[in-house]
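Asks: Provide a 3D model corresponding to the input given below.
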Amino acid sequence: MAKFRNNVAMKFGIQAAVIAEHLWYLYLNEAYCSEEKLFHGSYWCRCSQMDLMYEFPFLTRHMVQDALAVLRKNRVIRKGCYNESKFDNTSWWTFTDYGVKMMEAAVPRLSERQEL
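Replies: Okay, here's the model as predicted:
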């Protein structure tokens with residue numbers, strides 16, 4: 001089951017929200033805890049498009065590319081390359097300040113909203 005934040009989905013689409021949620025998980029659980037993944041003052045997580053397609057088999061390569069492009073264009077995430085081998089093209093991702101705010105923002109669930 002794919003989880004995502006409602007505020008990200010409403011602003012950027014469900015596919016971008018699903019990808020952002022997965023990158024956020026990697027960011028918090030793998031990158032943020034490791035000094036080895038600290039480059040230029042930001043923590044980075046390593047994730048390829050193939051990894052994302054494997055994690056979410058309902059997304060095609062173009063859907064993943066488009067979702068990443070939307071997130072980059074709107075300055076939610078940044079892309080880097082910190083691989084040790086110059087033949088390794090796996091992308092590294094970090095969240096911008098705006099992206100962190102988006103991911104940390106809590107949107108109340110339907111059951112928690114007051115009825116009008």
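
Asks: Give me the neighbour count for residue 29.
Replies: 11 (other Cβ atoms under 10 Å). Placement of C-beta: from N, CA and C, glycine included.

Asks: Please, which helix or strand holds the residue nearest to residue 55 when sequence neighbours are not counted?
Replies: Counting by Cβ to Cβ, 6 or more residues apart in numbering, the nearest residue to residue 55 once its immediate chain neighbours are dropped is residue 22, at 6.1 Å. Element membership for residue 22 (DSSP states H and E) is helix 14-26.

Asks: That helix - contacts with which helices or strands?
Replies: Under the contact definition 3 or more Cβ pairs under 8 Å, 6 or more residues apart in numbering; DSSP states H and E, helix 14-26 sits against helix 6-12, strand 45-46, helix 49-55, helix 61-73, strand 92-95, helix 97-104.

Asks: How about the contacts made by the residue nearest to residue 55?
Replies: When the contact criterion is Cβ atoms under 8 Å, 6 or more residues apart in numbering, the partners of residue 22 are 47, 52, 55-56.

Asks: pLDDT wise, what is it at?
Replies: On pLDDT, residue 22 comes in at 93.

Asks: So it versus residue 75, what's the distance?
Replies: 19 Å (Cβ to Cβ, to the nearest Å).

Asks: how long is stretch 81-91 from one end to the other?
Replies: Counting by Cα to Cα, to the nearest Å, the length from the leading to the trailing residue of stretch 81-91 is 6 Å.

Asks: residues making contact with that stretch?
Replies: Contact with stretch 81-91 is made by 39, 44, 46-49, 79-80, 92, as judged by Cβ under 8 Å, 6+ apart.

Asks: Taking those, please make a ChimeraX selection of just the buried ones.
Replies: Here is the ChimeraX selection string for the buried members of the contacts of stretch 81-91, based on 16 or more other Cβ atoms under 10 Å:
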select :44,46,47,49,92
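
Asks: Which of the three states applies to residue 90?
Replies: When the structure is split into helix, strand and coil by DSSP: H, G, I helix; E, B strand; the rest coil, residue 90 lands in coil.

Asks: residue ranges with poor pLDDT in the protein?
Replies: Using pLDDT under 70 as the threshold, the predicted model of the chain has low-confidence ranges 1, 31-41, 88, 106-116.
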